[in-house]
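[1] predicted model and sequence follow; I will ask about them next.
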2 protein chains.
Amino acid sequence: MTISFEVTGNDTRSGARLGLLTTPHGTIKTPVFMPVGTQASVKTMTPEEVQEVGGTMILGNTYHLYLRPGHEIVAEAGGLHNFMNWPGPILTDSGGFQVFSLGPLRKITDQGVTFRSHIDGSEHFFSPEKAMEIQMALGADVVMAFDECAPYPCSYDEARAATERTTRWAERCLNRHDRKDQALFGIIQGGTYRDLRLKSASEITSLGFPGFGIGGLSVGEPKPVMYEVLDYLVPEMPWNKPRYLMGVGSPDCLLEGVSRGVDMFDCVLPTRIARNGTVFTRDGKLVVRNAEYARDFRPLDPDCDCYTCKNYSRAYIRHLIKANEVLGIRLTTLHNLRFVLRLMEDIRAAIANGDFVEYKDRFLQRFNAE
Amino acid sequence: MTISFEVTGNDTRSGARLGLLTTPHGTIKTPVFMPVGTQASVKTMTPEEVQEVGGTMILGNTYHLYLRPGHEIVAEAGGLHNFMNWPGPILTDSGGFQVFSLGPLRKITDQGVTFRSHIDGSEHFFSPEKAMEIQMALGADVVMAFDECAPYPCSYDEARAATERTTRWAERCLNRHDRKDQALFGIIQGGTYRDLRLKSASEITSLGFPGFGIGGLSVGEPKPVMYEVLDYLVPEMPWNKPRYLMGVGSPDCLLEGVSRGVDMFDCVLPTRIARNGTVFTRDGKLVVRNAEYARDFRPLDPDCDCYTCKNYSRAYIRHLIKANEVLGIRLTTLHNLRFVLRLMEDIRAAIANGDFVEYKDRFLQRFNAE
């Protein structure tokens, strides 16, 4: 087995648990939030900066890297780690979610998905086999099965068809994947239908993957609906394997996900809103580009220990963002990532201390107060 | 005197010299290249990164900071050093060059210049007095007199009028400037007319400024014309005061300027071309965004000691720039600034060793070979 996962502790009053995920590029602590490096870069940041704010494992996007620079070039560079100079573990998605998101630009059959590049309109084809070949070339530590992610809302029949196809494709991924130094995770689909979720969980987990993604959530459904799915799904998943809730990363969802037994998360939200001039604080979101901060010489978040908050004022950061200075979005990105990664550190400490439930309530009360 | 300048050595076979410029924010070695932080940020970089590549003194632009965020806000923040967290010396220009560059958007009289903001079209007025007030609010260590920079080409009568006005305005700047912790430099104009340059030098230096800018060069004239002006102008400038060639920063011009006795330089060129995907190497410029570098896994410049060259390939940097990833222009900017600042370090070492002339010839032969 190329990766191993060990549950090292668990909260007796919630589903929260602590773990260690060991990969060819090191061992990381879970629950973990993985910053997203879509195009072989966590936007605006160097690898050293990602590590300084507490990043341990990052995500790369197969769809984007396949189109640009091309997986062959990444392979020639010695793989994604070498290409982008990231020393820790990497997970790549399968490209499925991105190509399904292309809407009218794509066509799905059981064989695979035909789609047009968002860059130049050229036509391409992804199949389970192709998704494995690309991910083997990229060389991440963890790669994901090629699945069909049903939209929300979605009829029962549509959700069932996507779920069944996801199982067939999972088998084809297993057959094609043969790189011994990377782990292939299966993905559970089923939309927001309980029986489909449980059927998918049963089928996918029976295939013997070393870890599992929970796909098809955070795609537009209300948060309580997502939490409800997690409530009945996660207990059906193997205890001794990592559970990865794909595309989720707002502070409240991280807490609710951990509380239900999720070990891994990724999301562009913290970095995306940062580039738009919105930052997290203990008291909720703050739109630092707003005029009210023009003369506010306090840090973004007085409780934060990041480089941005130790050195710069809201007034300066607002100025940089209004003036389109790159340093502005560097500083907000760094802060937001630190905020989320520190939240994960605090969550792990709280689980270890046995007061995760109290920590979660306290955090959410303050964060949601405004 | 708020600043002091000491010539600590000079080359016997050229005009090159070594010096120490002492300011309220530290002593720096000359000849010096000042990275440009137009809008209170050296584009894409943190202050720490500017220092890591060898930056000691930076430049801020009065026109830009007046418009955004406004000099009052910078003053409220405790001045430009505090606002942007730069611990070393800062020089601000007078805004003159920028408002003259606005072309049809500005109108000049002896009283001052009326111009429209490039941001929102609002009307503003700069006079010598106003330029002093803004620069006093910004709080740089060195501030520049408000001058009239004649364009190139320019008739003799136009150049003479601008030169005479520059002298009248220099006196008004001296009368208005009263901040004891900053030094006001005069600016010598005169276009490319020898008698006007010498007249301006005589008039401006007689006013007793602690340092002098050479304005109106690198505004479109051929480089040999600029070198010729320096040949006859610099020897007329006081030996014991810093000489600042404004807006010049290509490697060849830095060497030729130092060779003629210039102590200080600034220019957006290294950082601007970096953002466009062009980098300096010992063998000349390299357009890393070009397709030929898609599979080139060598560093930008194998002889470079910068973070970029120690960690990343041309292929990766090309990918980042093609994909509009901010890290790409961070890496090229950092490299180009290091290239120019290391050139200045090497120049200073060569002057000290007595082989500046040989160093200059060797550098230019290789740099210009391609």
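    Now that the structure is in, tell me what you want to look at.

[2] how far does the lowest-mean-pLDDT helix or strand in chain A sit from its chain's centre?
    In chain A, no helix or strand scores lower on mean pLDDT, DSSP states H and E than helix A:96-101, which sits at a mean of 88. The chain centre lies 15 Å from the centre of helix A:96-101; the measure is C-alpha atoms, centre = their mean, to the nearest Å.

[3] which of the residues in that helix are buried?
    For helix A:96-101, burial by neighbour count (16 or more other C-beta atoms under 10 Å in any protein chain shown) applies to A:96, A:97, A:98, A:99, A:100. Backbone N, C-alpha and C define where each C-beta goes, glycine included.

[4] for the stretch 201-350 of chain A, which segments count as helices?
    For the stretch 201-350 of chain A, the helices defined by DSSP state H, counting those that start in this stretch occupy A:223-233, A:251-259, A:269-275, A:307-311, A:314-322, A:326-353.

[5] now for those helices, which one comes closest to residue B:71?
    Ranking the helices of the stretch 201-350 of chain A by proximity to residue B:71 (C-beta to C-beta) places helix A:314-322 first, at 12.0 Å.

[6] convert the C-alpha atoms of the closest one to CSV, please.
    The C-alpha coordinates for helix A:314-322 follow below in CSV (Å, rounded to 0.1, in the frame of the first residue of the first chain):
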residue,chain,number,x,y,z
ARG,A,314,-6.8,47.4,6.6
ALA,A,315,-6.2,50.9,5.1
TYR,A,316,-3.0,49.8,3.3
ILE,A,317,-4.6,46.5,2.0
ARG,A,318,-7.7,48.4,0.8
HIS,A,319,-5.4,50.8,-1.0
LEU,A,320,-3.5,48.0,-2.7
ILE,A,321,-6.6,46.2,-3.8
LYS,A,322,-8.3,49.4,-5.1
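
[7] so does that helix get close to chain B?
    Yes - applying C-beta under 8 Å from any C-beta of the partner chain, one finds helix A:314-322 touching chain B at A:315, A:316, A:318, A:319, A:320, A:322.

[8] so who does the last one touch?
    Under the criterion of C-beta atoms under 8 Å, 6 or more residues apart in numbering or on different chains, the neighbours of residue A:322 are A:289, B:68, B:69.

[9] and of the helices of the stretch 201-350 of chain A, who's closest to residue B:82?
    Of these, nearest to residue B:82 by C-beta to C-beta is helix A:314-322, at 9.1 Å.

[10] avg pLDDT for that closest one?
    Across helix A:314-322, the average pLDDT comes to 98.

[11] what angle do that helix and helix A:326-353 make?
    120 degrees (axes from the mean of the first three to the mean of the last three C-alpha atoms, to 10 degrees).

[12] enumerate the residues of the stretch 1-150 of chain A near chain B.
    Counting by C-beta under 8 Å from any C-beta, the stretch 1-150 of chain A sits next to chain B at A:39-41, A:43-46, A:64, A:68-69, A:73, A:76-77, A:83-85.

[13] narrow these to those in helices?
    A:64, A:73, A:76, A:83, A:84 (DSSP state H).

[14] ok, the first one touching residue A:98?
    Just to be clear, that refers to residue A:64. Yes - contact between residue A:64 and residue A:98 holds when scored by C-beta atoms under 8 Å: they sit 7.2 Å apart.

[15] can I get the residues of helix A:314-322 next to chain B in TSV with distance to residue A:57?
    Shown next, in TSV, are the residues of helix A:314-322 next to chain B (distance: C-beta to C-beta, whole Å):
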residue	distance to residue A:57
A:315	35
A:316	32
A:318	32
A:319	34
A:320	30
A:322	34
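
[16] report the beta-bridge partners for the residue nearest the centre of chain A.
    Nearest to the mean C-alpha position of chain A, counting by C-alpha atoms, centre = their mean, stands residue A:266 at 1.5 Å. Under DSSP bridges, the beta-bridge partners of residue A:266 are residue A:34.

[17] give the contact list for it.
    So residue A:266 contacts A:33, A:34, A:35, A:36, A:59, A:91, A:244, A:246, A:247, A:248, A:249 (C-beta under 8 Å, 6+ apart).

[18] distance of the nearest residue to the last one once chain neighbours are set aside from chain B?
    Excluding its sequence neighbours, the residue lying closest to residue A:249 (C-beta to C-beta, 6 or more residues apart in numbering or on different chains) is residue A:267, at 2.4 Å. Using C-beta to the nearest C-beta, to the nearest Å, one gets 19 Å for the distance from residue A:267 to chain B.

[19] just to revisit the earlier point, of the helices of the stretch 201-350 of chain A, which is nearest residue B:337?
    Residue B:337 lies closest to helix A:326-353 among these, at 14.0 Å (C-beta to C-beta).

[20] next, the buried residues of whichever helix or strand comes after the closest one.
    Toward the C-terminal end, the helix or strand that comes next after helix A:326-353 (DSSP states H and E) is helix A:356-367. Residues of helix A:356-367 classed as buried under the neighbour-count rule (16+ other C-beta under 10 Å) are A:356, A:357, A:359, A:360, A:363, A:367.

[21] list the helices and strands helix A:356-367 packs on?
    On a contact count with 3 or more C-beta pairs under 8 Å, 6 or more residues apart in numbering or on different chains; DSSP states H and E, helix A:356-367 meets helix A:251-259, helix A:326-353.

[22] can you give me the angle the longest one makes with helix A:356-367?
    So the one you mean is helix A:326-353. Using the same axes, to 10 degrees: helix A:326-353 against helix A:356-367 is 150 degrees.

[23] what about helix A:326-353 and chain B, touching?
    Yes - Helix A:326-353 comes into contact with chain B (C-beta under 8 Å from any C-beta), by way of A:326, A:327, A:328, A:329, A:330.

[24] got a list of contacts for stretch A:225-240?
    By C-beta under 8 Å, 6+ apart, stretch A:225-240 touches A:5-7, A:15, A:188, A:190, A:192, A:194, A:197-198, A:201-202, A:205, A:212, A:214, A:217-218, A:243, A:245, A:248, A:253, A:256-257, A:260-262.

[25] 7 Å instead, please
    Identification of contacts with stretch A:225-240 by C-beta atoms under 7 Å, 6 or more residues apart in numbering or on different chains yields A:5, A:7, A:15, A:188, A:192, A:194, A:197-198, A:201, A:205, A:212, A:214, A:217-218, A:243, A:256-257, A:260-262.

[26] buried subset of those?
    Buried, going by 16+ other C-beta under 10 Å: A:5, A:7, A:15, A:188, A:192, A:197, A:201, A:205, A:212, A:214, A:217-218, A:243, A:256-257, A:260-262, out of the contacts of stretch A:225-240.

[27] keep only those of those residues that are in strands.
    Cross-referencing the buried ones among the contacts of stretch A:225-240 against strands under DSSP state E gives A:5, A:7, A:188, A:212, A:214, A:243.

[28] list the contacts of the residue nearest to residue A:276 when sequence neighbours are not counted.
    Leaving aside its chain neighbours, residue A:276 sits nearest to residue A:289 (7.8 Å; criterion: C-beta to C-beta, 6+ apart). Contacts of residue A:289 were listed using C-beta under 7 Å, 6+ apart, and they are A:277, A:318, A:321, A:322.

[29] now tabulate the helices of the stretch 201-350 of chain A in CSV and tack on distance to residue B:107.
    Converted to CSV, these look like this (distance: least, C-beta to C-beta, whole Å):
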stretch, distance to residue B:107
helix A:223-233, 59
helix A:251-259, 54
helix A:269-275, 39
helix A:307-311, 41
helix A:314-322, 28
helix A:326-353, 34
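
[30] what separation is there between the residue in the stretch 51-200 of chain A that chain B sits nearest to and residue A:86?
    Per C-beta to the nearest C-beta, residue A:69 is where the stretch 51-200 of chain A lies closest to chain B, at 4.1 Å. Distance, residue A:69 to residue A:86, by C-beta to C-beta, to the nearest Å: 16 Å.

[31] and if you look at residue A:330?
    18 Å.

[32] between those two, who's got more neighbours?
    Shown here are residue A:330 and residue A:86; by other C-beta atoms under 10 Å in any protein chain shown, residue A:330 has more neighbours (28 against 24).
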